[in-house]
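[1] how would this look folded up:
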Amino acid sequence: MTTGEKSTTGYRGVSLELLTKFNIGVWDRIKVESESGDYEGVLLPRNSMADSLHIVIKLDSGYNIGVKAARIKSIEYLGRQEGHYGIREQEFPYDESKPNIFLFGTGGTIASRLDYSTGAVIPAFSPGELFGAVPELADICNLKTKKLFGIFSEDMGPEQYITLAENIYKEINNGADGIIIGHGTDTMHHTASILTFMIQNPPVPIVLAGSQRSSDRPSSDAARNLINAAIAATGPIAEVMVCMFGPTSDQYGLLHRGTRVRKMHSSYRSTFRTLGDIPLATVDVQKGVNPLRSDYRPRSTPNEEFKIIPTFSDKVMILYYYPNMQENLIRSIVEAGYEGIVIAGTGLGHINRPLYNVIRWAIGKGVHIYMTVQTLWGFVQMFVYDNGRYLMDCGIVPLANMLPETAYMKLAWALGQTRDREEVKKLMLTPINGEITERERPDSYLVLQGGLPEVKDFLLDYML
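    Model prediction:
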């Protein structure tokens, strides 16, 4: 076989020259001798946007490794293990005794199967594919799916939020016993917030789930999160929730209320945490949904309280205050046509004095400005110091312990309905589902920082 007949998908520059020299192609099993060590595995294709300096090998352990082409002394061809990017569908079994769950896809891969012998990641989305990839789902529910979008989570916006809300509302009215949303993790907490405001008093669970680790890694959490989400979607809590790992192991998942959850780590599988409160429940295959609190919305039948309000203004922003912020920043925001600003202020909800006049000017121009705290835990307390009192006199409205991202989503939702200042204020300050709490529980200021007595007490009380 000549090099020209071999695929070198994604390789260019020095890496392509290297493969040509040793007559190696994608899916060849190879042994590489390099200055950094010797490696044996399968040569994987590369993304067209990847650099030209490395080749990527799937090791027998399942992990991928990049080897710098300039350090490679020789490559030995050992055989071929071509990857196949299809998945054999198996009919998803229907059991009339099991609940009917509807899964919406927004982008990425909610579940996949990895062929470790070839290194191929096989995406799965149709019910048949999902059954082939995660057969445990059939033990939990009957499943229908619909792919709404194929985008990264950072590209989610008003169009997608409204389309998603409308489709969820439709399928619940069509008899779905629960909803799962496959979603990228980076902005999952934003989507959970806006869906809480758009879809009010849902009679069934609405569960967002994703994966922190790509499905080509042995440590992937995709399948486990999907299984836990399916259990949650058949469970007793009828709210918008995020379902992701509790600890970094696959011991159990946590169900987080959509308005109080936040992604807190870039790569941990246990990245999602409830802030200023505790999670709604744990979830796992053995115990199912185990509520940690009693004030959740229970399952019900659809009634007149179940409604959809799919509104969103794209002229709202979060302004993260920092020392020496200049007034021309706020002036430019107003002149650009923004109608609402959520400030993540310092301490109890503060910004510097040079901004006071421009804040009063902006509010006079009709801009709605609300204060949250960048500490994330705790309440805005603008009555304590005179600068907070002055800012309220300018027209800034404090938002108690609402998280900044949740406040942004709620203000965009409110301004999508009305510009009337008092009506917007009423919408913002009237809790819909936990975005403002009366007080913070004594065990709500935890991110499992090991060794502290209150963490051990929390684990003993709720997790073990």
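
[2] ok, then the element right after the lengthiest helix in the chain?
    Using DSSP state H to define each element, the chain has its longest helix at helix 158-173. Proceeding C-terminally, helix 158-173 gives way to strand 178-182 as the next helix or strand, assigned by DSSP states H and E.

[3] thinking again about what came up before, counting by contacts, list what the longest helix of the chain packs against.
    Based on contacts counted as 3 or more CB pairs under 8 Å, 6 or more residues apart in numbering; DSSP states H and E, the elements that helix 158-173 packs against are strand 100-105, strand 178-182, helix 188-198, strand 199-200, strand 307-308. From N, CA and C alone the C-beta is placed, and that goes for glycine too.

[4] same thing but 10 Å
    Under the contact criterion of 3 or more CB pairs under 10 Å, 6 or more residues apart in numbering; DSSP states H and E, helix 158-173 touches strand 100-105, strand 142-147, strand 178-182, helix 188-198, strand 199-200, strand 206-209, strand 307-308, helix 404-415.

[5] And for the nearest residue to Val397 once chain neighbours are set aside, the neighbour number?
    Counting by CB to CB, 6 or more residues apart in numbering, the nearest residue to Val397 once its immediate chain neighbours are dropped is Tyr370, at 5.1 Å. When counting by other CB atoms under 10 Å, one arrives at 26 neighbours for Tyr370.

[6] same thing with Met428?
    Other residues within reach of Met428 by the criterion other CB under 10 Å amount to 23.

[7] per the record, what domains does the protein have?
    Listed domain ranges for the chain are 3-80, 100-308, 316-429 (source: automatic domain parsing).

[8] Ser444 is nearest to which of the ones you listed?
    Nearest to Ser444, of all the domains of the chain, is domain 100-308, at 5.0 Å by CB to CB.

[9] and that closest one, average pLDDT?
    Domain 100-308 shows a mean pLDDT of 89 in the predicted model.

[10] End to end on that domain, go ahead and measure it.
    In domain 100-308, first residue to last residue: 21 Å (CA to CA, to the nearest Å).

[11] gap between it and the chain center?
    The gap between where domain 100-308 is centred and where its chain is centred comes out at 9 Å by CA atoms, centre = their mean, to the nearest Å.

[12] and if you look at stretch 367-384?
    Here the centre of stretch 367-384 is set off from its chain's centre by 24 Å, with CA atoms, centre = their mean.

[13] which SS state does Leu254 fall under?
    strand (DSSP: H, G, I helix; E, B strand; the rest coil).

[14] roughly how far apart are it and Gly184?
    18 Å (CB to CB, to the nearest Å).

[15] Asp386 too?
    The gap separating Asp386 from Gly184 is 44 Å, by CB to CB.

[16] between the two, which one's more packed in?
    Just comparing Asp386 and Gly184: by other CB under 10 Å the higher neighbour count belongs to Gly184, 19 against 8.

[17] Go ahead and list the helix or strand containing Lys58.
    For Lys58, the secondary-structure element it belongs to, assigned by DSSP H and E, is strand 54-59.

[18] Buried residues of that strand, list them for me.
    Within strand 54-59, the residues that qualify as buried by neighbour count (16 or more other CB atoms under 10 Å) are His54, Ile55, Val56, Ile57, Lys58.

[19] Can I get that strand in PDB? Just the C-alpha atoms.
    As requested, the backbone C-alpha atoms of strand 54-59 are provided in PDB (Å, rounded to 0.1, in the frame of the first residue of the first chain):
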ATOM      1  CA  HIS A  54       2.200  16.500  16.600                       C
ATOM      2  CA  ILE A  55       0.800  13.100  15.800                       C
ATOM      3  CA  VAL A  56      -1.900  11.700  18.100                       C
ATOM      4  CA  ILE A  57      -1.900   8.100  19.200                       C
ATOM      5  CA  LYS A  58      -4.600   6.100  21.000                       C
ATOM      6  CA  LEU A  59      -2.700   4.000  23.600                       C
END
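
[20] tell me what whichever helix or strand comes after it is packed against?
    Downstream of strand 54-59, the next assigned helix or strand under DSSP H and E is strand 64-68. Judged by 3+ CB pairs under 10 Å, 6+ apart, the packing partners of strand 64-68 are helix 13-22, strand 28-34, strand 37-43, strand 54-59.

[21] and the angle for the last one with strand 37-43?
    If you take axes from the mean of the first three to the mean of the last three CA atoms, to 10 degrees, strand 54-59 sits at 80 degrees to strand 37-43.

[22] cool, and the first one?
    Computed with the same axes, to 10 degrees, the direction of helix 13-22 lies at 90 degrees from that of strand 37-43.

[23] what does helix 13-22 rub up against?
    The list of residues contacting helix 13-22 from outside it, by CB atoms under 10 Å, 6 or more residues apart in numbering, reads 3-4, 6, 8, 10-11, 24-26, 28, 30, 32, 43, 46, 50-56, 66-70, 72, 74-77.

[24] Go again with 8 Å.
    With CB atoms under 8 Å, 6 or more residues apart in numbering as the test, helix 13-22 has contacts from 3, 6, 8, 11, 25, 43, 46, 52-55, 69-70, 72, 74-75, 77.

[25] same thing with stretch 92-104?
    Stretch 92-104 is contacted by residues 110, 127-128, 130-131, 137-138, 140-148, 164, 167-168, 171, 175-182, 230, 233-234 when judged by CB under 8 Å, 6+ apart.

[26] buried residues in stretch 173-192?
    Neighbour-count burial for stretch 173-192, counted by 16+ other CB under 10 Å, picks out 176-185, 187-192.
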